[in-house]
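Q: return a 3D structure for these sequence lines:
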Amino acid sequence: MSVEFFKGIEDYKSDPAEETVVTIGTFDGIHKGHQEILRKVMDESKRSGRKAILVTFHPHPRVVVAPEHIPLLLTTLEEKGKFIPHFFDGSVLIMKFSDELKNQTAEEFIKTLLVDTLNAKKVIVGYDHAFGKDRSGSIEVLKKFGDLYNYDVEVVAPVMYKEKAVSSSRIRNAIIANDYKEALTMLGHHYAIAGTVERGLGLGRRLGYPTANVSYGMRKLLPAEGVYACWAQIGDEEKDGMMFIGKNHFNPQKRITVEANLFDFDKDIYDQEIIVYPTHFIRENRKFDSTDTLVEQIKKDKIEVLNIINEETENVNEQRAKSSTNL
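A: Predicted structure coming up:
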């Protein structure tokens, strides 16, 4: 898919006469509910021939609206840039969420952005969408001004999981509670931790398990401390591995680190971009009496991770074989 990113209205370049179909939201996580909205936008874009526009915000609106209750992010701005193209084809307009934007009335927001800038003829939003000063821009208000400014509104119903709507806050709570499998189910894709590879203490290499230390965003919500099966992207390469999230008790800095030991991989990748995807929780973080006992446990962890990888490979091959049989 072809996605073009713009930072703010002043950066957006388009034919003012071109009609568009627009969705608006924070899209933290780009979870199954978000994916359904984007699917509707893409369907409408193809049906009508109108350009698809996704409007999102940075920083998270609560940084400005409720700084005492800022959520950690499921998806940083960098990670959105990686995931959005999997589900969307069109233009992404990243609006800086500021006091000025916070204080815009619903009509000011609609007139300035949807009408004058984007020439929206169809607006597609989630069932709980609200915008404008004090969230006064309800769906009813959006529809009312649609009659005035000549655009239609479509409201997308929630995607349900275990009789409740999938939401970013629900996924955050699942990750915090270490219900990691539940969180991944609601996300509908692997959980990404993106950053650059930084130098660590070199303990992993000395123990025979070199790790890529990920310099992650400080507003990123990390899964629970412990060991995970994972895979990683470094440039065009993808590698399976195992990873550690948490405080390394042999590290005098005692900070939470994200370290990935990639199998069959031995390249100098310092300062390069990396995305790691923890896929299965293996065990909690523990304190070991010595590096020898730590190495023994890492050996066991690797065996468990390899078993998971082998089992998943067999399942994929089995599904492919069934598909081929049915042709």
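Q: does the nearest residue to A260 once chain neighbours are set aside sit in a helix, a strand or a coil?
A: Spatial nearest neighbour of A260, excluding adjacent residues (CB to CB, 6 or more residues apart in numbering): M243 at 4.2 Å. Where you see a C-beta, it was placed from the backbone N, CA and C, and this is true even at glycine. Following DSSP: H, G, I helix; E, B strand; the rest coil, M243 is assigned to strand.
Q: residue contacts, M243?
A: T211, V227, Y228, C230, V258, E259, A260, N261, V276, P278 (CB atoms under 8 Å, 6 or more residues apart in numbering).
Q: ok, it to M186 distance?
A: Using CB to CB, to the nearest Å, M243 is found at 22 Å from M186.
Q: what sits up against stretch 28-35?
A: Contacts of stretch 28-35 (CB under 8 Å, 6+ apart): 25, 27, 60, 71, 73-75, 80, 83-84, 87, 126, 156, 158-159, 161, 165-168, 171, 186-189.
Q: from those residues, list just the buried residues.
A: For the contacts of stretch 28-35, a burial check counting by 16 or more other CB atoms under 10 Å picks out 25, 27, 60, 71, 73-75, 80, 83-84, 87, 126, 156, 159, 161, 166-168, 171, 186-188.
Q: which of the residues you listed fall within helices?
A: Of the buried ones among the contacts of stretch 28-35, the ones assigned to helices by DSSP state H are K80, F83, I84, F87, S168, I171, M186, L187.
Q: related to what we said a few turns ago, from the contacts of M243, pick the one nearest V92.
A: V276 (23.8 Å; CB to CB).
Q: name the nearest residue to K302, ignoring sequence neighbours.
A: Closest to K302 by CB to CB, 6+ apart is M242, at 6.1 Å.
Q: what's the pLDDT at the one you found?
A: Looking at M242, its pLDDT is 98.
Q: what does N213 give?
A: N213 is assigned 96 on the pLDDT scale.
Q: partner strands of the helix or strand hosting it, parallel or antiparallel?
A: Element membership for N213, per DSSP states H and E: strand 212-216. Applying DSSP bridges to the sheet, strand 212-216 is found paired with strand 193-198 (antiparallel), strand 256-262 (antiparallel).
Q: mean neighbour count, those strands: which tops it?
A: strand 256-262 (a mean of 22; mean count of other CB atoms under 10 Å).
Q: now N173: phi and psi?
A: Per-residue torsions, N173: phi -60, psi -40 (degrees, to the nearest 10).
Q: which ones are touching it?
A: N173 touches nothing, counting by CB under 8 Å, 6+ apart.
Q: can you put the strands paired with strand 212-216 in CSV and add distance to E18 and mean pLDDT?
A: Compiled in CSV, the strands paired with strand 212-216 are given as follows (distance: least, CB to CB, whole Å; pLDDT from 0 to 100):
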stretch, distance to E18, mean pLDDT
strand 193-198, 32, 96
strand 256-262, 42, 96
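Q: N285 is nearest to which of these?
A: strand 256-262 (9.7 Å).
Q: chain center to that closest one, what's the gap?
A: 19 Å (CA atoms, centre = their mean, to the nearest Å).
Q: and the helix or strand just after it, what other elements does it pack with?
A: Scanning forward in sequence from strand 256-262 by DSSP H and E, the next helix or strand is strand 273-284. Contact analysis of strand 273-284 by 3 or more CB pairs under 8 Å, 6 or more residues apart in numbering; DSSP states H and E lists helix 180-187, strand 193-198, strand 212-216, strand 226-234, strand 237-247, strand 256-262, helix 291-326 as its packing neighbours.
Q: including distance to E284, could these go into a markdown table?
A: Output for the helices and strands packed on strand 273-284, formatted as a markdown table (distance: least, CB to CB, whole Å):
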| stretch | distance to E284 |
| --- | --- |
| helix 180-187 | 12 |
| strand 193-198 | 18 |
| strand 212-216 | 20 |
| strand 226-234 | 5 |
| strand 237-247 | 9 |
| strand 256-262 | 14 |
| helix 291-326 | 12 |
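Q: let me know which of these is the nearest to T117.
A: strand 193-198 (29.5 Å).
Q: could I have whatever helix or strand K46 lives in exported to PDB, CA atoms only?
A: Assessed by DSSP H and E, K46 sits inside helix 32-48. Provided in PDB are the C-alpha atoms of helix 32-48 (Å, rounded to 0.1, in the frame of the first residue of the first chain):
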ATOM      1  CA  LYS A  32      -9.100  -4.700  15.700                       C
ATOM      2  CA  GLY A  33     -11.600  -1.900  16.200                       C
ATOM      3  CA  HIS A  34      -9.400   0.600  14.400                       C
ATOM      4  CA  GLN A  35      -8.700  -1.900  11.700                       C
ATOM      5  CA  GLU A  36     -12.500  -2.200  11.100                       C
ATOM      6  CA  ILE A  37     -12.800   1.600  10.700                       C
ATOM      7  CA  LEU A  38      -9.900   1.600   8.300                       C
ATOM      8  CA  ARG A  39     -11.400  -1.200   6.300                       C
ATOM      9  CA  LYS A  40     -14.600   0.800   5.900                       C
ATOM     10  CA  VAL A  41     -12.600   3.800   4.800                       C
ATOM     11  CA  MET A  42     -10.800   1.800   2.200                       C
ATOM     12  CA  ASP A  43     -14.000   0.200   0.900                       C
ATOM     13  CA  GLU A  44     -15.600   3.700   0.600                       C
ATOM     14  CA  SER A  45     -12.600   5.100  -1.100                       C
ATOM     15  CA  LYS A  46     -12.600   2.300  -3.700                       C
ATOM     16  CA  ARG A  47     -16.400   2.600  -4.200                       C
ATOM     17  CA  SER A  48     -16.500   6.300  -4.600                       C
END
